[in-house]
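A.B. asks: Sequence first, predicted coordinates after that:
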Amino acid sequence: MNHNENNFDFLRIAAAIMVLVSHQYALMGRPEIGLNGRFSLGGIGVCIFFIVSGYLVTQSWLRDPNLLRFFVKRFLRIWPGLFVVTCVAALFVGPMVSGLDVGGYFSDPEWQKYFRNLRLFSINYNLPDVFTYNPFPRAVNGSLWTIPIEVHWYLVLAIAGLMGALRWRWIALCGVVGLAIYHFGIYQGDANPVRNWSREYGLFFLSGALLQLFRDWWADRQVLLMIGSLVAGTVLFMIGWHVLGVLVAMPCLIIFTGEASTPFLRQFGRFGDISYGVYIYAFVVQQTLVWKFGASGSFVLHLLATTVVTLICAWLSWHLIEKRALSFKPSRKRFAKEAVRMNSMDKNLA
């Protein structure tokens, strides 16, 4: 089933909007809403992103288990959009909102450090003297912190694929269960005040990967598995295992909903895959609007303005940047055609 026939576009857009709404509270100096102290609304949205990513990226590897092509695809999906939003923030938004003059802004070492975001393995959030009087000062794009985590788990998945763990899915299952036992049993991930975000979100990513690996097994058991996981997750959550409860409850619900083809929900991708654009532009837009209009105004009007501007940015990002970059994605067929063409040229030159 292609993306135009399932609900995954809806899920990703919904997750991005959840992050946007959650950040709107924080960036206006108000308490974020969520399940409890361990999960904000935005945190749930990020969990959805990692579950869906684990599922679809694993599917991509299984269809074409080639390391070079795998990483080229991931790079083309993440980096072009990140490059543009980084440049927009550093070259246009930053000078406009900075308390420094233009010369002082561009000569500040912090400005140069901001471009380290393009390395994908570390994120710098601040630009020189920007948003100084916002409730959340100096931060330009706090949403980007999950990108290095995502890239880390792409690498883990690729290593597992090269080692054959994805062909022997029971080995993969044992590995994930072992990691979960360590995180919740030894590290005390549900009670430890120092949250290991990479491992926590990694478990959500791996839950999606496992559902892809065992897709043939659950295809005829969706209702039973969904009810069972929701009940088990709710019980765990109620007795204080909040993160583990969400980890047990969410993956089946998200993936089974994504794989469904609901008449209204499956139409969310008709304007393009704008979820990534929403995710990477919303924070910049929110901070800029709070800088311009202040944080004491109407929350609803701020949220409405942010949503409209962010959706426009995301639509432009998809159609002008991301979609064009993805047209260069390598595939087995493209590589095979190129090999045939090169062989034909060699013969003609011989």
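C.D. replies: Yes, it's here.
A.B. asks: hey, which helix or strand in this structure has the poorest pLDDT?
C.D. replies: helix 332-349 (a mean of 50; mean pLDDT, DSSP states H and E).
A.B. asks: neighbours around residue 235, how many?
C.D. replies: 13 (other C-beta atoms under 10 Å). Heads up, the C-betas are built off the backbone N, CA and C, glycines and all.
A.B. asks: Can you tell me, leaving aside adjacent residues, what's nearest to it?
C.D. replies: residue 245 (7.5 Å; C-beta to C-beta, 6 or more residues apart in numbering).
A.B. asks: That neighbour and residue 273, how far apart?
C.D. replies: Noted for residue 245: a distance of 30 Å to residue 273, by C-beta to C-beta, to the nearest Å.
A.B. asks: wait, doesn't residue 10 sit right on residue 265?
C.D. replies: Yes - counting by C-beta atoms under 8 Å, residue 10 does reach residue 265; the two are 4.3 Å apart.
A.B. asks: So residue 129 versus residue 291, what's the distance?
C.D. replies: Plainly put, residue 129 is 12 Å away from residue 291 if you go by C-beta to C-beta.
A.B. asks: in which helix or strand would I find the residue nearest to residue 235?
C.D. replies: According to DSSP states H and E, residue 245 maps onto helix 242-259.
A.B. asks: quick one on the thing from earlier: count of neighbours near the residue nearest to residue 235?
C.D. replies: Other residues close to residue 245 by other C-beta under 10 Å number 22.
A.B. asks: Which strand or helix spans residue 59?
C.D. replies: helix 41-63.
A.B. asks: In CSV, please show the C-alpha coordinates belonging to that helix.
C.D. replies: This file holds the C-alpha atoms of helix 41-63, laid out as CSV (Å, rounded to 0.1, in the frame of the first residue of the first chain):
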residue,chain,number,x,y,z
LEU,A,41,1.6,16.6,24.4
GLY,A,42,4.7,17.3,22.3
GLY,A,43,6.5,14.3,23.9
ILE,A,44,3.6,12.1,22.7
GLY,A,45,3.9,13.6,19.3
VAL,A,46,7.7,12.8,19.2
CYS,A,47,6.9,9.2,20.3
ILE,A,48,4.5,8.9,17.3
PHE,A,49,7.3,10.1,15.0
PHE,A,50,9.7,7.6,16.2
ILE,A,51,7.3,4.7,16.0
VAL,A,52,6.3,5.5,12.4
SER,A,53,9.9,6.2,11.5
GLY,A,54,11.1,2.8,12.9
TYR,A,55,8.3,1.1,10.9
LEU,A,56,8.8,2.8,7.6
VAL,A,57,12.6,3.0,7.7
THR,A,58,12.8,-0.7,8.4
GLN,A,59,10.5,-1.3,5.5
SER,A,60,12.9,0.7,3.3
TRP,A,61,15.9,-1.4,4.5
LEU,A,62,14.1,-4.7,3.9
ARG,A,63,13.2,-3.6,0.3
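A.B. asks: Name all residues that make contact with the residue nearest the centre of the chain.
C.D. replies: Geometric centre of the chain, nearest residue: residue 49, 4.9 Å, by C-alpha atoms, centre = their mean. By C-beta atoms under 8 Å, 6 or more residues apart in numbering, the contact list for residue 49 reads 12, 15-16, 146, 279.
A.B. asks: Now for these: which two are most distant?
C.D. replies: 12 and 146 (13.6 Å; C-beta to C-beta).
A.B. asks: Neighbour count: the two, which is higher?
C.D. replies: Neighbour count, other C-beta under 10 Å: between residue 12 and residue 146, residue 12 has more, with 26 against 17.
A.B. asks: Tell me who's in contact with the nearest residue to that one once chain neighbours are set aside.
C.D. replies: Distances taken as C-beta to C-beta, 6+ apart place residue 275 nearest to residue 12, at 3.5 Å, with adjacent residues excluded. By C-beta under 8 Å, 6+ apart, residue 275 lies in contact with 9, 12-13, 15-16, 314.
A.B. asks: Equivalent analysis for residue 68, please.
C.D. replies: residue 330.
A.B. asks: For whichever strand or helix holds residue 229, name the packing helices and strands.
C.D. replies: Taking DSSP H and E as the definition, residue 229 sits inside helix 222-238. If you count contacts as 3 or more C-beta pairs under 8 Å, 6 or more residues apart in numbering; DSSP states H and E, helix 222-238 packs onto helix 242-259.
A.B. asks: Against residue 195, how distant is residue 37?
C.D. replies: Where residue 195 is concerned, residue 37 sits at a distance of 11 Å (C-beta to C-beta).
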